[in-house]
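J.: Output the structure for:
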Amino acid sequence: MPIYEYEVASEGGCKACGGRFELRRSADRPELNACPVCKKPVRRVISLPNTPRIAKPLSVSDAKKAGFTVFEKKEKGVYERQ
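T.: The predicted structure follows:
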């Protein structure tokens with residue numbers, strides 16, 4: 001079930017929502033038009049995706065273990081399978 005972020009369209013908001021809140025709703029439900037607590041109109045906000053902060057570089061051996069074919073560049077336009 002996705003998590004949607006909403007913010008109050010007008011200034012302010014109630015103490016419960018603080019003007020911005022997250023809500024877990026199924027994708028087939030209609031978009032929320034008002035804050036469930038203060039009933040002020042809201043709009044959905046597009047949030048940043050959740051990605052790992054530190055990504056380990058993929059080594060050749062890790063790629064081979066994962067089932068990828070690894071090629072090495074020999075000269076311009078020529079690659080050889082490792």
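J.: If you drop the residues flanking it in sequence, what lies closest to residue 41?
T.: Closest residue to residue 41 apart from its sequence neighbours, by Cβ to Cβ, 6 or more residues apart in numbering: residue 9 at 4.5 Å. For every residue, glycine as well, the C-beta is placed using N, CA and C.
J.: contacting residues around the one you found?
T.: Shown in contact with residue 9 (Cβ atoms under 8 Å, 6 or more residues apart in numbering): 40, 41, 42, 43.
J.: Going toward the C-terminus from the host helix or strand of the last one, what's the next helix or strand?
T.: It stands for residue 43. Assigned by DSSP states H and E, residue 43 belongs to strand 42-45. Later in the chain than strand 42-45, the nearest helix or strand by DSSP H and E is helix 60-65.
J.: sorry, back to before: what comes up buried for the strand holding residue 43?
T.: Applying a neighbour-count criterion of 16 or more other Cβ atoms under 10 Å, one finds residue 42 buried in strand 42-45.
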